[in-house]
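Visitor: I would like to see how this sequence folds:
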Amino acid sequence: DQIIQVVQNLIDNAVKYGGEGGEIRVEVSAPVSGDPPPLTDPDAAGLTLLAPDHRPGELYALLRISDSGPGMPRDALPRLTERFYRVEGQKSGAREGTGLGLAIVKHIINRHRGGMTVESTPGQGAAFTAYFPEAVVRERLAPPA
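Guide: Model (predicted):
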């Protein structure tokens, strides 16, 4: 249920800030390492908002949600997961909200030992990536004794 809440919050934000007629992309990939994913745009500002509780050899499922909205300035990125924080200039009445969504997302991802990054280019959109440890039952994968 909490993973669904992460997906819903990130998609809701992409819809809210993506702009009318904008494009929203949802990408899922697995397995990947626990290292922060590389920036997809070399001109973008990127930041790890939460580093995973990485264990050697552990693999992750990665969820990336991006939009083609106004993006955010580099100096706003570190504060995105603070409770009640909203990026200056994006607080209009057309975009209702409390500023709690990303704080909740970060909390859930942290509880699941995952990680979270943001990438943004002003005028070209933003992308949030969440990655979660894969749940693998090793005993099932081992050959019978």
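
Visitor: now do stretch 117-135: distance to the chain's middle.
Guide: 4 Å (Cα atoms, centre = their mean, to the nearest Å).

Visitor: just stretch 16-25 next, same as before
Guide: The answer for stretch 16-25 is 16 Å, by Cα atoms, centre = their mean.

Visitor: got the contact list for that stretch?
Guide: Stretch 16-25 is touched from outside by 11, 14-15, 64-70, 90, 95, 97, 125-126, with contacts defined as Cβ atoms under 8 Å, 6 or more residues apart in numbering. From N, CA and C alone the C-beta is placed, and that goes for glycine too.

Visitor: sort out for me which of the residues you listed are in helices.
Guide: Among the contacts of stretch 16-25, the members found in helices (DSSP state H) are 11, 14-15.

Visitor: any of those buried? List them.
Guide: Buried members of those, scored by 16 or more other Cβ atoms under 10 Å, are 11, 14.

Visitor: pick out whichever of the ones in helices among the contacts of stretch 16-25 sits closest to residue 130.
Guide: residue 11 (11.6 Å; Cβ to Cβ).
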